[in-house]
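A predicted structure for the sequence below; I have some questions about it.
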Amino acid sequence: MSSPSEAKLTRRSFLRAAATVAASLPILAACAPTETKPTPAPEPTRAAATAMPQPTKAATVPAPTVKEPVKISMWTWYTEQQDEFPKLIDEFNKSQSGIVAESRIYNLDEYLKLIQAALAAGTPPDILGPHVHAIEYGLAGQTVDLKESLGEEFLSQFFPSTRRQFTAQGKQFAIGWMAQTFGFFYNPPLFEKAGVAAVPETWDDLMGLAPKFKAVGLIPWAFNNAEKWLGCDFMLPLITQATDNPDLVYDLDEHTKEGVSWNSKPVIDALTMVERLVKSGIFEDGVNGTNWDQATALFYSGKAAMFFAGSWVPQGIKQNASPEFARTYRVFRTPAWAPGKRHWCGNQAGAALAVAAKGHVAEACQFLKFTYEPDRYSRIMNNSLSMPSTMAAAAKVEDPIMKEMTSWLSDGAPHILFGAGSWDAVSNAVQGITGLVLSPEQAAAQIEQDVQTARKR
Amino acid sequence: MSTDTDVARPARAEGWLLGRDPRMAIAQGRHIVTRALGYLVLVMLTVLSVFPLVWMVLTSLKDRTETYSTSWLPSRVTFASYLFVWERMNVGLSLLNSVKVTVSTVVVVVALATLAGYAFARIEFPGKQAIFLLLLSTLMVPGTVLLIPLFLQLSALKLIDSQLGLILAYIGSGLPFAMFLMRSFFATLPAELVDAGRIDGASEFGIFARIMLPLARPGVATITIFQFMSTWNEFVFAATFVHDPVKRTLQPALYALVGRYSTNWPALTAALTMSIAPIVMVYLLMQRQFVAGLTTGAIKG
Amino acid sequence: MSQPAVNARGRSVHLTLGQRRAFYGYLFILPVVLFFGAFIAYPFFRSLAISMTEWAGYDQPRYVGLRNFANMMQDRVFWISLRNTFRFTAATTVLQTVLPMLLAVLLYARWRGGVFFRTVFFLPVIISFVVTALLWRMVYDANFGILNNALIAVGLKRLAHPWLADPATALPSIVVVSLWQSLGFYMTIFYAGLQSIPPELYEVASIDGANAWQRLVYITVPMLWPVTTVVMVINIIGGIKVFDVVYVMTTGGPNHASEVLGTYLYTMAFGTSGGGSPTTGYAAAVGVVILVLCMIGTVVQLRITGGRSDVY
């Protein structure tokens, strides 16, 4: 039945099929647009349509008679400026002809992987949001010292706290974009319902309110510690509150000074305060199992009276909560350690911008100076309900709640950790406290142990 | 009414209540109870499987300010989110990119995996065991670990920000699993068929193409579905290897809707609903094409 | 066993039958091996090299030999992850092999709307993790969750629990989610396997007087054995490697209660979105450990299932 010729036929037909598949791949690849478009979202549908019928023309570009504009790219996760950035880019590109800028906003989780990979491969964007690695990137030579590139005069318009968090070895590696402070958002009608007349001044006052809210079936304070970061934002300023010394957290974070250890009295005191709050019944059940969406749902839907978070919340409320809720909610300051003491609250810039050393540094700096021009920067921040990092813009904040929160910047304490292993260690230990699994002493010891393990890596 | 494979079925189903034979009536009664229980289990599982989809669709029809309301039903049905996603988020373009990337990947993977799966199942060659275990070890490598080296490699080949690079990475990572499955499906088919074919003098490729492949259609359908689904839903490689918004596939484009602090849930669920549709279609297609009416002609003949 | 063979050019080539067959064997697997070499083996070996460096990804790598592995042994969080991973793998392998098989057998008995059911059961598999996590959190929510509400409604208020917050119930809750999401997946594999079983076997058995249970045990299970082995191996490997479902439900918390090797690896590789520094070199070392464990797990499992496994 089978002859060599038949065998040859099937082999040939197989090889032919394989060849077709192999050949089609490059064609498919060629169909993909090969040029990166500098302008964001609105353009792509048109670009794709024209790119497809003409494969691989991108490689040959005729010698330019006019100097090619320099292309710079900015990668961030600042979805708050989703509407504002395209306008900014447009304005910038129209205002001059030597540089063409583009902005890409990614989701944070994906951004972290992306920027890791891009830095490892040596192809980072010109401007990037450095996240908590601002100093590490700088010390590794990946981002430039902005004191040199932007100049001291430019940098002096920023709040000192936002400058300090990005400074190491005398160099500043990033500038603050959106600052933040933390406070308690609350629902005044629910306060009335529970018979609470005034907002609490100290933590003890706050704990005293718990029974009143629970008596009318409300959750006093909706708190999400599933993601771990809010626990840190909340606990770290308590260390400053306990000692009135904002430098202590910086020292703990850097972990290089003699005798500085997380297993110390100020840390234990702060953790004890957290434990007391948990035991007072002020939180909902299962704090460690509640995430941001669940906590905000409790607050927006009127099941919880208070919600501790940062100044990025007002924009969220405007977008996601009912209009009625958006009109009635208010905010009060982080309670103080004791009557008469300072209301230290977290105040560092959550979002920053850095310039890649391997990018077009001069052009990037020009873009930054354009962006931070007082009127422009102030307008962007107001439109996106974000807190500015420059003192000039801070004076021009329009929204009343944002205005109030901005005024707390001067009572700010560090709440972001940059050191190796610090954040991991602290955030997990705080979960141990909020879950009443660890005692404050155990938690402090655990932090110190984990930080030392991490620093050995 | 019931159609089942039970051979010992009474010839006359009706009139059992008036039943001549009480044993038959009991058997039938038990049979109906079993069927009813079976249906109950299936229906309960259906509810469990479907409730997320129901939630997704309902939320996508809500107005954004209703996101946190406690009821699942929108107070006012609106398609605004679908429009928003289509226009503002370039979902059309991303969808097209996903189709391109996924179809290319699936075609190549299915072709190569069936071939290799058959070889491992039914052809003897030296080193087969060792090579198979080596390929199997691919499944054991955590994807996270491959991400940076692969990125560096593709970057050196200038394949970053190129759909071809992404496709190649997908094929490479999808082949072992598909091949593994196909091998086991081929192993389930009787070896006598292969031997018969060889005695008849058919070429190896002929045996593969004309005898084994048609019988392995359930397996082929299965790996088609799986590869389609895993490529379509894949996020990490897609987000890291292709940055240009114009070339991006669907999943990374969708995740742009997930903000750290404020997710636009109606828009996200609208986009997700749209992205699930192709997978469901492919699944149904595979079910109809390959599964229904499988005959046993080859064995009898 | 040799016969004169003729190659494409018509020249006589003395290949034995076995050799000719082997040639085709190699030819058929060649593309897969090439892809494997280029896109798996090469990056993996690179990653192996990285595992012996101290590298953050954005600075210069520094060779440190086996120091990463030594540090790993001293990290208490690593040991917690290891323990949790074993528990998770054991639970999911058993549940995600037995239950889908039973479901496939159930569905195979030709029901009205069989296609409908099979499609519906496959839905959880294709729903993205974002939605899965959100919905299961709604189920497990300590205050207003569906599960607790249901328990209270039937009078079992004592069982209502902060499922994801309690260290004792966090991981088991995630096992349930994993099962839910993979039931349709493995069921589809078993179902395809069932279709390869010749119906004559069942007919003959019924004529001989076998009941449904006997048919299951003496025909279905043995005939499905190659597929079952595959499913078990995939489950074991998947369990040891698990990342997505755990990360998305609890990110490994609270306080590492549900930390598994996969989440541990991820945290080391990319830092966390709240903070934490990436240590790519160390992460690669964790990846090597996961790989080795998978290999051990697979070998052990194949040994246990013995010669009937027919995997090779």
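Yep, that arrived.

which stretch of helix or strand covers the residue nearest the centre of chain C?
Among the residues of chain C, C:Gly238 comes closest to the average C-alpha position under C-alpha atoms, centre = their mean, at 2.4 Å. Here C:Gly238, judged by DSSP states H and E, is contained in helix C:225-241.

before we move on, what about B:Lys247?
Assigned by DSSP H and E, B:Lys247 falls outside every helix and strand.

per-residue confidence for it?
Per-residue confidence for B:Lys247 comes out at a pLDDT of 89.

how many neighbours does it have?
When neighbours are counted by other C-beta atoms under 10 Å in any protein chain shown, B:Lys247 registers 25. C-beta here means a position set from N, CA and C on the backbone, and glycine is covered the same way.

strands of the chain, residue ranges please.
No chain in the question, so chain A it is. Per DSSP state E, chain A has strands spanning A:70-76, A:99-105, A:127-128, A:167-168, A:171-172, A:175-179, A:182-186, A:219-222, A:304-310, A:330-333, A:345-346, A:351-355, A:387-388, A:412-413. These are given in chain order.

other chain: chain C
Secondary structure of chain C (DSSP E): strands at C:5-6, C:12-13, C:53-54, C:62-63.

in its sheet, what does the third one sit against?
Each strand paired with strand C:53-54, and its direction, by DSSP bridges: strand C:62-63 (antiparallel).

contacting residues around the partner strand?
The contact list for strand C:62-63 (C-beta atoms under 8 Å, 6 or more residues apart in numbering or on different chains) reads C:Met52, C:Thr53, C:Glu54, C:Trp55.

hmm, back to that, for chain B, find the nearest of the strands of chain A.
Closest approach to chain B among the strands of chain A (C-beta to the nearest C-beta): strand A:99-105, 6.8 Å.

so which elements touch that closest one?
Contacts defined by 3 or more C-beta pairs under 8 Å, 6 or more residues apart in numbering or on different chains; DSSP states H and E place strand A:99-105 against strand A:70-76, helix A:84-95, helix A:361-371.

got the contact list for the nearest residue to A:Ser386 once chain neighbours are set aside?
In space, not counting the residues next to it along the chain, A:Ser386 is nearest to A:Met178; the distance is 4.6 Å by C-beta to C-beta, 6 or more residues apart in numbering or on different chains. Contacts were defined as C-beta under 8 Å, 6+ apart; by that measure A:Met178 touches A:Tyr78, A:Glu80, A:Trp312, A:Ala349, A:Gly350, A:Ala351, A:Met381, A:Ser386, A:Met387, A:Pro388, A:Ser389.

is it possible to export those to TSV including neighbour count and pLDDT?
What follows is the contacts of A:Met178, written out as TSV (neighbours: other C-beta atoms under 10 Å in any protein chain shown; pLDDT from 0 to 100):
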residue	neighbour count	pLDDT
A:Tyr78	24	91
A:Glu80	26	87
A:Trp312	20	88
A:Ala349	25	82
A:Gly350	26	81
A:Ala351	22	91
A:Met381	27	94
A:Ser386	26	92
A:Met387	28	93
A:Pro388	29	93
A:Ser389	29	93
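
and A:Gly151, how many residues sit next to it?
So A:Gly151, with other C-beta under 10 Å, has 12 neighbours.

what's the pLDDT at it?
pLDDT for A:Gly151: 92.

any idea how chain B splits into domains?
Following the assignment in automatic domain parsing, chain B carries domains at B:1-53, B:81-300.

which of these is buried the deepest?
Greatest average neighbour count among those goes to domain B:81-300 (a mean of 21), per mean count of other C-beta atoms under 10 Å in any protein chain shown.

look up how far chain C lies from A:Glu80.
Note on A:Glu80: its distance to chain C, by C-beta to the nearest C-beta, to the nearest Å, is 16 Å.

how about the nearest residue to that residue once chain neighbours are set aside, what does it touch?
Closest residue in space to A:Glu80, ignoring its immediate chain neighbours: A:Ser384 at 4.7 Å, by C-beta to C-beta, 6+ apart. A:Ser384 sits next to A:Glu80, A:Gln81, A:Asp83, A:Glu84, A:Gln315 when contact means C-beta under 8 Å, 6+ apart.

also A:Lys403?
By C-beta under 8 Å, 6+ apart, A:Lys403 lies in contact with A:Val397.

do the same with C:Ser47
Remark: with contacts taken as C-beta under 8 Å, 6+ apart, C:Ser47 is in contact with B:Val145, B:Leu146, B:Ile148, B:Pro149, C:Ala284, C:Gly287, C:Val288.

let me see the ranges of the helices in the stretch 1-150 of chain C.
Secondary structure of the stretch 1-150 of chain C (DSSP state H, counting those that start in this stretch): helices at C:17-36, C:42-50, C:67-73, C:76-108, C:114-126, C:129-140, C:146-153.

turn the ones you listed into CSV, including mean pLDDT.
Formatted as CSV, these follow (pLDDT from 0 to 100):
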stretch, mean pLDDT
helix C:17-36, 86
helix C:42-50, 89
helix C:67-73, 94
helix C:76-108, 94
helix C:114-126, 85
helix C:129-140, 81
helix C:146-153, 86
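
make a markdown table out of the ones you listed and add distance to A:Pro237.
Supplementary listing: these in a markdown table, determined by distance: least, C-beta to C-beta, whole Å:
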| stretch | distance to A:Pro237 |
| --- | --- |
| helix C:17-36 | 52 |
| helix C:42-50 | 38 |
| helix C:67-73 | 32 |
| helix C:76-108 | 26 |
| helix C:114-126 | 42 |
| helix C:129-140 | 28 |
| helix C:146-153 | 33 |
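
looking at those, which is closest to B:Tyr255?
B:Tyr255 lies closest to helix C:129-140 among those, at 7.8 Å (C-beta to C-beta).

now do the closest one and helix C:146-153, the angle between them.
Going by axes from the mean of the first three to the mean of the last three C-alpha atoms, to 10 degrees, helix C:129-140 is angled at 20 degrees with respect to helix C:146-153.

make TSV out of the contacts of A:Met178 and add distance to B:Val246.
Compiled in TSV, the contacts of A:Met178 are given as follows (distance: C-beta to C-beta, whole Å):
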residue	distance to B:Val246
A:Tyr78	21
A:Glu80	24
A:Trp312	30
A:Ala349	32
A:Gly350	30
A:Ala351	26
A:Met381	30
A:Ser386	28
A:Met387	33
A:Pro388	32
A:Ser389	32
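
give me every residue that touches C:Gln301.
C:Met232, C:Val233, C:Ile236.

in this structure the last one contacts C:Met295, no?
I take that to be C:Ile236. No. With contacts counted by C-beta atoms under 8 Å, C:Ile236 stays clear of C:Met295, the gap being 10.5 Å.

and the spatially closest residue to C:Gly193 that is not a sequence neighbour, how far from chain A?
Leaving aside its sequence neighbours, C:Gly193 sits nearest to C:Val227 (C-beta to C-beta, 6+ apart; 3.7 Å). Counting by C-beta to the nearest C-beta, the gap between C:Val227 and chain A amounts to 28 Å.

which ones are touching C:Val227?
The neighbourhood of C:Val227, defined by C-beta under 8 Å, 6+ apart, consists of B:Ser184, B:Phe185, B:Thr188, C:Ile189, C:Phe190, C:Ala192, C:Gly193.

on that earlier part again, to C:Tyr42, which of the domains of chain B lies closest?
Among the domains of chain B, the nearest to C:Tyr42 by C-beta to C-beta is domain B:81-300 (6.6 Å).

least trustworthy position among the contacts of C:Gln301, going by pLDDT?
The weakest per-residue confidence within those falls on C:Val233 (88).

that residue and C:Leu302 touch, don't they?
Yes. If you go by C-beta under 8 Å, C:Val233 and C:Leu302 touch, sitting 7.3 Å apart.

higher neighbour count, the two?
Set C:Val233 next to C:Leu302 and count neighbours by other C-beta under 10 Å: C:Val233 wins out with 24 against 18.

could you find the closest non-adjacent residue to the more buried one?
C:Thr298 (5.6 Å).

which residues touch the one you found?
With contact taken as C-beta under 8 Å, 6+ apart, C:Thr298 is in contact with B:Leu136, B:Met140, C:Val233, C:Ile236, C:Ile237.
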